[in-house]
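A.B. asks: With the sequence up front, the predicted model follows.
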Amino acid sequence: MPAAFTALRQDLHRAGYYPELVADVLDVALADEPVVAHLVHPETTFDATEVRRHVTVLVLTPTRLVCAHVDDHPADLEHPSASASATTESVPLGELRSVALTHVVPEPAKHKAGHPALELTLAIGWGAVSRVDLEPATCGDPACDADHGFTGSLTPDDVVVRVSAAAEGIDSVRAATAFARVLSAASAGSR
């Protein structure tokens with residue numbers, strides 16, 4: 001087994017979220033193509049009644065970005081036993097439109113070169129999904145009460161992964177940054 005795939009499997013087991021299931025769906029999606037780089041991002045969300053776990057895995061191959069997402073589905077009246085759904089999507093590198101990174105750093109005036117951010121958000125777009133953020137438009141006159149319609153922005157939102165040192169640890173932020181660097185270079189070279 002190539003070292004890169006072995007490292008991916010180790011990170012899946014470290015995340016501890018159905019590692020064998022995630023490895024199986026990735027194996028099918030990768031179709032024996034070698035792994036160049038990967039990012040495993042487990043996440044837990046809370047709502048009023050449940051704790052839900054998810055994992056998003058991004059795998060870069062020489063020709064594609066493979067995205068896997070796995071969700072828990074707890075047992076309920078309709079489904080007497082718990083289940084999980086695992087979705088993969090393979091995107092040719094030439095189809096990637098954007099790799100956007102938001103670095104959050106404390107005390108920016110004191111930032112030293114090479115120090116990791118406390119948080120990194122990686123947004124990857126290829127045109128399948130976009131987010132629209134709208135707000136009322138204004139003319140700049142604080143006394144004006146006319147309807148100026150709406151203004152907004154359309155943001156590629158195919159995959160967004162937010163990694164925080166407070167939640168996942170600084171090594172996870174470093175790993176996300178390293179993956180983002182390799183993905184950015186690969187997406188620029190595929191055009």
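C.D. replies: Received it, and whenever you're ready, just let me know what you need.

A.B. asks: Could you measure from residue 25 over to residue 162?
C.D. replies: Residue 25 sits 23 Å away from residue 162, taking C-beta to C-beta, to the nearest Å as the criterion. Where you see a C-beta, it was placed from the backbone N, CA and C, and this is true even at glycine.

A.B. asks: Now do the strands in this structure.
C.D. replies: For the chain, the strands defined by DSSP state E cover 37-46, 51-60, 64-73, 83-92, 98-104, 119-125, 130-136, 150-156, 159-164.

A.B. asks: Turn these into TSV, including distance to residue 12 and mean pLDDT.
C.D. replies: As requested, these are arranged in TSV below (distance: least, C-beta to C-beta, whole Å; pLDDT from 0 to 100):
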stretch	distance to residue 12	mean pLDDT
strand 37-46	6	89
strand 51-60	7	90
strand 64-73	10	93
strand 83-92	12	93
strand 98-104	23	92
strand 119-125	19	93
strand 130-136	28	77
strand 150-156	27	74
strand 159-164	15	92
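
A.B. asks: Just the buried residues of the longest helix seen in the chain, please?
C.D. replies: With secondary structure taken from DSSP state H, the chain has its longest helix at helix 170-189. Going by neighbour count (16 or more other C-beta atoms under 10 Å), the buried part of helix 170-189 is 172-173, 175-177, 179-180, 183-184, 186-187.

A.B. asks: Looking at those residues, which gets the smallest pLDDT?
C.D. replies: Of all these, residue 187 has the smallest pLDDT value, namely 90.

A.B. asks: Turn the strands of the chain into JSON lines, including distance to residue 9.
C.D. replies: Compiled in JSON lines, those are given as follows (distance: least, C-beta to C-beta, whole Å):
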{"stretch": "strand 37-46", "distance to residue 9": "10"}
{"stretch": "strand 51-60", "distance to residue 9": "11"}
{"stretch": "strand 64-73", "distance to residue 9": "13"}
{"stretch": "strand 83-92", "distance to residue 9": "16"}
{"stretch": "strand 98-104", "distance to residue 9": "25"}
{"stretch": "strand 119-125", "distance to residue 9": "22"}
{"stretch": "strand 130-136", "distance to residue 9": "33"}
{"stretch": "strand 150-156", "distance to residue 9": "30"}
{"stretch": "strand 159-164", "distance to residue 9": "20"}
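
A.B. asks: want to throw the ones you listed into TSV with mean neighbour count?
C.D. replies: Compiled in TSV, the strands of the chain are given as follows (neighbours: other C-beta atoms under 10 Å):
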stretch	mean neighbour count
strand 37-46	18
strand 51-60	19
strand 64-73	20
strand 83-92	14
strand 98-104	15
strand 119-125	21
strand 130-136	11
strand 150-156	13
strand 159-164	19
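
A.B. asks: what's the closest of those strands to residue 7?
C.D. replies: Distances from residue 7 to each of those were compared by C-beta to C-beta, and the smallest falls on strand 37-46, at 7.4 Å.

A.B. asks: What angle do helix 170-189 and the closest one make with each other?
C.D. replies: Angle, strand 37-46 to helix 170-189, by axes from the mean of the first three to the mean of the last three C-alpha atoms, to 10 degrees: 130 degrees.
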